[in-house]
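Colleague: I need the structure of the sequence given here:
(chains A and B)
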Amino acid sequence: MVVHKIFKNTLVVLVGLVCVIYGLTSEEVKARPVSTRSPCINCHTDFTSVLRNGHPPVTGKEITACLACHVPKTTGKPELNAFFARIHRAHQCFKQKVDCVVCHTWQPTKSFGLPNQNGTMGKPSKKDMDLLKQIFNSWSSSVFLDALHAKKNVTCTGCHGNFLPISEATVENGRCLSCHGSLEQLAAKTSPLEFPDRNPHKSHLGEIGCTVCHHAHRESEVYCLGCHKTFQMKIPAGTINPQHQQSK
Amino acid sequence: MVKENLIKKEVIVSRRSILKGAVGMSAMAAAGSLALDLTPQKAEGSILRTIPKKWDETIDVVVVGSGFAGLSAAAEAAAAESQTVILEKMPTYGGNSIISGGSYSSWDDKYHLRQEQNLGNDSPAKWKEDWLKGGDFYSVPELVEVIVNGAAPALNWMIDEGGLEIRKVLARHGGHSAFRAHMAIEAVGRPYTEALKKIAEKHGTKIRLGTQVSWIWRKDMDGPVLGVEVTKGNKKTNIKVKKALILASGGFSRDVKMRIAFNPALVPEFNCTNQPGSTGEIIRYAQAIGADALQLAFIQMFPFAEPESGILDVFATYPAKGAGYGFVYVNKLGKRFVDEMERRDVIAYAQIKTGVKPTYSIFNRLMMQKMEGEKELEAGVRKGRFIHGDTIIELAGKLGIPGDTLQETVSKYNKSLQEGKDSDFNKKISKQMVPLAEGPFYAVAQWPAVHHTMGGLRINPSAQVIDIWGNPIPHLYAAGEVTGGIHGSNRLAGNAYPDCVVFGRVAGINAAKEKVLS
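Modeller: A predicted model of the protein is given here:
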């Protein structure tokens, strides 16, 4: 039984090696669907082809090679060098759909992390992961606010903090305002010329949650227009004059 | 003896057959006891409800809704040291209250404004008389009694403890025989909701936004309300209520299906002044656990809403308040069509009867000054809501109304002030009415929109919800527009505020006194 197992493992490795050798024949990464855990080096013979000019040489097989310098920050501001945004975007663009588990380790409902790294970023179930992948897709390639943030190198942690967001996750105003200034500053920026009291950031309804209008993972909508149907108001990553869902 | 057993067996059998379609008996026993639920099991989307065996959270007093009634109730419950949480389903607080027209009726206040301004006599009894008459005597008099006596103390409470600032003048709305309408500096509801929120939060109330009550838990028609099911996003949780559940969820004007069910005339073509959340599900959940509801057909239209969107903005409040100071309503032909001091339903139907939308209020600067509304004149003109004319003829031209007809109407009105008699519509002329002699003149377009549901859950003077047999449902209270039998067939302007705040306070005070459920 043990012998059988060793034989089986060797076979797997041999097959794997063949695939790797195939892959290693070109400098560029071959575009092919990848969905099992494998070290970076399986696709990237060395990292120089994907690193920018002037980047110090990197050795290693796994992402730990990069984490030595690129430490994730979760304060909400984009990291000084947008490593995490770029690496996720690169692996999620339409040419190369790389599944999360190629780079990440995942034990459903138990842990989610990186190889050779302690700690876990969450305990996503299969259902949680399906939702995460959906939203991740939106972040990397949609026309919504999340994709606008992605282009500025803000990742999930920028809004959601250290751990993988769960389906009931909300983002409180303090988070948004830590980058986008105080509400007073925002109000000053969006003060309409003609009718200054029609300011979306100085509503007669009081301080409104940013995410009431600014939806990250779907079309943003101007809440005011739900009642004030004739106001001329626009919002990034939204459409003009949407009908608010709840009006019957 | 034998017969008893036979009957018992029958009961068990029919229960079993009810459950056959849903879930097996053994699974049922494991899940918990059946909850009181008047939803037919065959109804689409109905599920078999069982009392939660485990509660996600326990709270002393839960208040549904964050308008005047909810905030007042929470403020009093929290002040009495009960752990109090307001559940608000919308993303912002304040419901209709925060966007409403700003008039708080009271026969008196701590400044004694009416007396100071020599605006005549008034009393709780006189006010109650107007109230009952305005609603065609459908109101439950004991409930009105509570409000007319509690209105002044409640207003003073908001001023003293909440920092509310009011104008030093009063207005007189249609249907009122005295000047009772108090207004905040800004002619909207927000100053009041801010004051109430201040009091409520000062005493420790927590407001949860985006949190919707999706069921009310009760075991049977004898027992108390046990708690609520709450939906937030995709997640459902169950909150156990230790002392009381207070329903302050407002009216159902936006619930087109429900409003048409009770009054078929209120078709979707009519605009609505309300915020989008004014729907009737809480009334239905309460009825599903035995609560009685009354007078649901009595639904009011606000006559002076902005004609295109139905919005009741600050400018739309003036035709109502200004009636006492002489605002004149004309149709597209330039003629008056109703006694401006009449009730809202009379005015709304008179407008619809003219057959042409919109109608207009004609007024002048002097009238606005009487109401401390001069600042709003400029804003109104800038926003295209108020049309300005140096003369009546000029104003008529801008409105597309025959100038000579409008001039004739205005002259007739001025004459009626001199003679003390309105020969066309029998309006009672009062000395506060200002002649339309001196310009500049203004007009505002107006058209009826669905506005307020007078009917709702039955309560007693202690704000307890009453069941279909006339008994209070233990641990269940209600206050504000969600209740019925207070305004009768037609609510007079300015009477909703004191209804909400007074009964909100009564509900909160009584809720805090309840014995804790084990």
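Colleague: what parts of chain B come near chain A?
Modeller: Within chain B, the positions lying close to chain A (Cβ under 8 Å from any Cβ of the partner chain) are B:91-94, B:98-99, B:188, B:190, B:194, B:209-210, B:232-235, B:254-257, B:275-277, B:279, B:308-309, B:311, B:379, B:382-383. Every residue, glycine included, has its C-beta placed from N, CA and C.
Colleague: looking at those, which are in strands?
Modeller: Those of the residues of chain B next to chain A mapping onto strands are B:232, B:235, per DSSP state E.
Colleague: filter the residues of chain B next to chain A down to the buried ones, PyMOL style.
Modeller: With 16 or more other Cβ atoms under 10 Å in any protein chain shown as the criterion, this PyMOL line picks the buried residues out of these:
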select buried, chain B and resi 91+92+93+94+98+99+188+190+194+209+210+232+254+255+256+275+276+277+279+309+311
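Colleague: just the residues of chain B next to chain A: which are in helices?
Modeller: Counting by DSSP state H, the residues of chain B next to chain A place B:190, B:194, B:256, B:257, B:379, B:382 in helices.
Colleague: what is the nearest of these to chain A?
Modeller: Closest to chain A out of these is residue B:256 (5.2 Å), distances taken as Cβ to the nearest Cβ.
Colleague: pull the most distant pair out of the ones in helices among the residues of chain B next to chain A.
Modeller: The span of those, defined through Cβ to Cβ, is set by B:257 and B:382 at 38.8 Å.
Colleague: leaving out sequence neighbours, find the closest residue to residue B:140.
Modeller: The shortest distance from residue B:140 to any non-neighbouring residue, by Cβ to Cβ, 6 or more residues apart in numbering or on different chains, is to residue B:485 (4.4 Å).
Colleague: cool, residue B:34 as well?
Modeller: Residue B:34 sits nearest to residue B:50 (Cβ to Cβ, 6+ apart), 5.9 Å away.
Colleague: now residue B:514
Modeller: Leaving aside its sequence neighbours, residue B:514 sits nearest to residue B:243 (Cβ to Cβ, 6+ apart; 4.3 Å).
Colleague: and the helix or strand hosting that neighbour, what does it pack onto?
Modeller: Using DSSP states H and E, residue B:243 sits in strand B:235-247. Under the contact criterion of 3 or more Cβ pairs under 8 Å, 6 or more residues apart in numbering or on different chains; DSSP states H and E, strand B:235-247 touches strand B:57-64, helix B:68-79, strand B:212-218, strand B:225-232, strand B:472-478, helix B:496-513.
Colleague: domains in chain A, by residue range?
Modeller: Annotated domains of chain A cover A:1-28, A:31-160, A:170-248 [automatic domain parsing].
Colleague: of these, which approaches chain B most closely?
Modeller: Across the domains of chain A, chain B has its closest neighbour in domain A:170-248 (4.0 Å, Cβ to the nearest Cβ).
Colleague: quick one: the closest one to chain centroid distance?
Modeller: Offset of domain A:170-248 from its chain centre (Cα atoms, centre = their mean, to the nearest Å): 24 Å.
Colleague: same question for stretch B:318-327.
Modeller: Mean-position distance between stretch B:318-327 and its chain equals 21 Å (Cα atoms, centre = their mean).
Colleague: how far does that stretch stretch from start to finish?
Modeller: In stretch B:318-327, first residue to last residue: 9 Å (Cα to Cα, to the nearest Å).
Colleague: tell me where chain A has helices.
Modeller: Applying DSSP H to chain A gives helices spanning A:2-24, A:64-67, A:83-90, A:100-103, A:126-141, A:145-151, A:156-160, A:173-180, A:183-189, A:210-213.
Colleague: run a quick neighbour tally on residue 59.
Modeller: Went with chain A since none was named. The tally of other residues near residue A:59 (other Cβ atoms under 10 Å in any protein chain shown) stands at 8.
Colleague: looking at chain B here, not the other one
Modeller: 21.
Colleague: quick revisit: any chance of the ones in helices among the residues of chain B next to chain A in CSV, plus pLDDT?
Modeller: Putting those into CSV (pLDDT from 0 to 100) gives the following:
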residue, pLDDT
B:190, 96
B:194, 98
B:256, 96
B:257, 96
B:379, 91
B:382, 92
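Colleague: pLDDT on the helix or strand containing residue B:445, on average?
Modeller: If you go by DSSP H and E, residue B:445 is part of strand B:441-453. Mean pLDDT, computed over strand B:441-453, is 97.
Colleague: could you check the angle it makes with helix B:496-513?
Modeller: For strand B:441-453 against helix B:496-513, the angle by axes from the mean of the first three to the mean of the last three Cα atoms, to 10 degrees is 30 degrees.
Colleague: helices or strands up against strand B:441-453?
Modeller: Looks like strand B:441-453 contacts strand B:299-305, helix B:318-322, helix B:344-354, strand B:359-364, helix B:374-382, strand B:386-389, helix B:392-399 (3+ Cβ pairs under 8 Å, 6+ apart).
Colleague: neighbouring strands of the shortest one in the sheet, and parallel or not?
Modeller: Each strand pairing with strand B:386-389, determined using DSSP bridges, is listed with its direction: strand B:441-453 (antiparallel).
Colleague: show residues contacting whichever helix or strand comes after the partner strand.
Modeller: Where DSSP H and E defines the elements, the next helix or strand beyond strand B:441-453 is strand B:456-457. Outside strand B:456-457, the residues that touch it by Cβ atoms under 8 Å, 6 or more residues apart in numbering or on different chains are B:247, B:251, B:283, B:286, B:291-296, B:465, B:478, B:481-484.
Colleague: how about a cut-off of 7 Å?
Modeller: Identification of contacts with strand B:456-457 by Cβ atoms under 7 Å, 6 or more residues apart in numbering or on different chains yields B:247, B:283, B:286, B:291, B:293, B:465, B:478, B:481, B:482, B:483, B:484.
Colleague: swap in stretch B:130-137?
Modeller: Contacts of stretch B:130-137 (Cβ under 7 Å, 6+ apart): B:139, B:141, B:144, B:175-177, B:343, B:487-490, B:492, B:495.
Colleague: for the closest residue to residue B:201 other than its chain neighbours, list each beta-bridge partner.
Modeller: Spatial nearest neighbour of residue B:201, chain neighbours left out: residue B:207 (7.6 Å); criterion: Cβ to Cβ, 6+ apart. Legend: beta-bridge partners of residue B:207 under DSSP bridges are residue B:86.
Colleague: got the contact list for the residue of the stretch 301-450 of chain B found nearest chain A?
Modeller: Taking Cβ to the nearest Cβ, chain A has its nearest neighbour within the stretch 301-450 of chain B at residue B:309, 4.9 Å off. Neighbour list for residue B:309: A:229, A:230, B:271 [criterion: Cβ under 7 Å, 6+ apart].
Colleague: ditto for residue B:164
Modeller: Counted by Cβ under 7 Å, 6+ apart, residue B:164 has contacts B:158, B:184, B:191, B:192, B:195.
Colleague: 6 Å - rerun?
Modeller: B:158, B:191, B:195 (Cβ atoms under 6 Å, 6 or more residues apart in numbering or on different chains).
Colleague: swap in residue B:299?
Modeller: Contact analysis of residue B:299 by Cβ under 6 Å, 6+ apart lists B:259, B:263, B:453.
Colleague: ok, so of those, who is nearest residue B:77?
Modeller: Relative to residue B:77, the closest of these is residue B:453; by Cβ to Cβ it sits at 25.0 Å.
Colleague: and that closest one, how far from chain A?
Modeller: From residue B:453 across to chain A, the span is 14 Å (Cβ to the nearest Cβ, to the nearest Å).
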